[in-house]
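Q: Okay, structure incoming, though there's no sequence with it:
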């Protein structure tokens, strides 16, 4: 169902601040887009790190909490450092250990460790579809701040705490676009032979952000069962599209001039622009964008349950929600008066409503169809 909305959806998404992460009051409250929460996050190369909490004075009694929090995360470095830094400042006696990897790797690890969990939370990279296949791997917990969230961001599954909304976009290298003689404004433009071998995407069978892109394309071209949609995907892959395991390889590859255009996600691009990236720009395809709610969850039978609960509460707190926006993501709580100059006004672009329940229910079939298309 296609709608060009004046986007009452400008709702969550026209908020913010610079990715430098220092909040700024806005003159008027803006709300968030109706993200498809009945359905994630930057996927980075695996890296395990032990990061002791910062030794600063706790601002409130809750800071007396202590112990360990083991985090499996998909989020980008900037977002992770900003959010975990604030969490450590609030709870200075909690030692944080983290493993940074793609969503698929994090989920596989959680499932493999089900009998002896080594992580406490999966931070980012989870969408509604994951609750259909992995609910038994997560603890039932509803954040203390859940009642602050718009209905589309409430924890209706019992296990998934939503904290931000993401929309897919194209990330374009100015110089290579000019050399190719193509002005990229749409998905259709990616089929231009001049871009052969110049397009990069992550793998939607392992990357939450690439899955988001695939859902958007399927929605734009008629739905997951549409012959037109799969014909487009086959043509896109056939135009020499490079498929990588990591979503970070997409936006970094475009920025460094390896590729002319990448199929990626808004927060990563906004972060790079806010940090001074030049020679690149964001394109919201004229066929339309969709919006997906991303979340986190507590791992079933984790060793540090109380600290995991504190973390879920923190993710939905006003403090953390403002950080999301400041770091280029579109926060779940539409009631905060913050803005980000790098986030586009969604009333200026086309928004399409995805059939998220059907996409979630048929995720394995869709991924199999993608694998088949990618073999050509």
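A: Yep, it's here. Treat the numbers as computed from the prediction; the structure is a model and nothing was measured.

Q: Which helix or strand contains residue 111?
A: Take DSSP states H and E as the rule and residue 111 turns out to sit in helix 103-112.

Q: Verify the stated contact: residue 131 with residue 156.
A: No. Counting by Cβ atoms under 8 Å, residue 131 stays clear of residue 156, with 9.3 Å between them. In short, each C-beta sits where N, CA and C put it, glycine included.

Q: Looking at these two now, which is surrounded by more residues?
A: A direct count of neighbours by other Cβ atoms under 10 Å for residue 131 and residue 156 places residue 131 higher, at 22 against 15.

Q: Skipping adjacent residues, who's closest to that one in space?
A: With Cβ to Cβ, 6 or more residues apart in numbering as the criterion, residue 131 has its nearest non-adjacent residue at 4.4 Å, and that residue is residue 157.

Q: you'd agree the one you found is up against residue 128?
A: Yes. At 7.2 Å, residue 157 counts as touching residue 128 under the criterion of Cβ under 8 Å.

Q: after the helix holding residue 111 comes which helix or strand?
A: Later in the chain than helix 103-112, the nearest helix or strand by DSSP H and E is strand 121-126.

Q: tell me the phi and psi of the residue nearest to residue 131?
A: phi -90, psi -20 (degrees, to the nearest 10).

Q: what's it in contact with, if anything?
A: Counting by Cβ atoms under 8 Å, 6 or more residues apart in numbering, residue 157 touches 128, 131, 135.

Q: which one of these sits closest to residue 282?
A: Residue 282 has its nearest neighbour among the contacts of residue 157 in residue 128, at 25.4 Å by Cβ to Cβ.

Q: The closest one and residue 254, how far apart?
A: Going from residue 128 to residue 254 by Cβ to Cβ, to the nearest Å gives 29 Å.

Q: Walk me through the domains of the chain.
A: Domain ranges of the chain: 18-165+291-343, 168-290+350-374, per automatic domain parsing.

Q: wait, residue 80 sits on residue 86?
A: No. The criterion here is Cβ under 8 Å, and residue 80 misses it with residue 86 at 11.1 Å.

Q: Compare these two (neighbour count), which wins?
A: The neighbour count for residue 80 versus residue 86, taken as other Cβ under 10 Å, is higher for residue 80 (22 against 18).

Q: my guess is the more buried one is in a strand, correct?
A: No. Counting by DSSP: H, G, I helix; E, B strand; the rest coil, residue 80 is not found in a strand; it is helix.

Q: Quick check: pLDDT value at it.
A: Reported pLDDT at residue 80 in the predicted model: 93.

Q: Identify the residues contacting it.
A: 73, 98, 100, 123.

Q: Bridged to the last one, which residues?
A: On DSSP bridges, the residues paired with residue 123 through beta bridges are residue 73.

Q: where's it relative to residue 165, distance?
A: From residue 123 across to residue 165, the span is 16 Å (Cβ to Cβ).

Q: related to what we said a few turns ago, mean pLDDT for the domains of the chain: which is lowest?
A: Ranked by mean pLDDT, these end with domain 18-165+291-343 at the bottom, a mean of 81.
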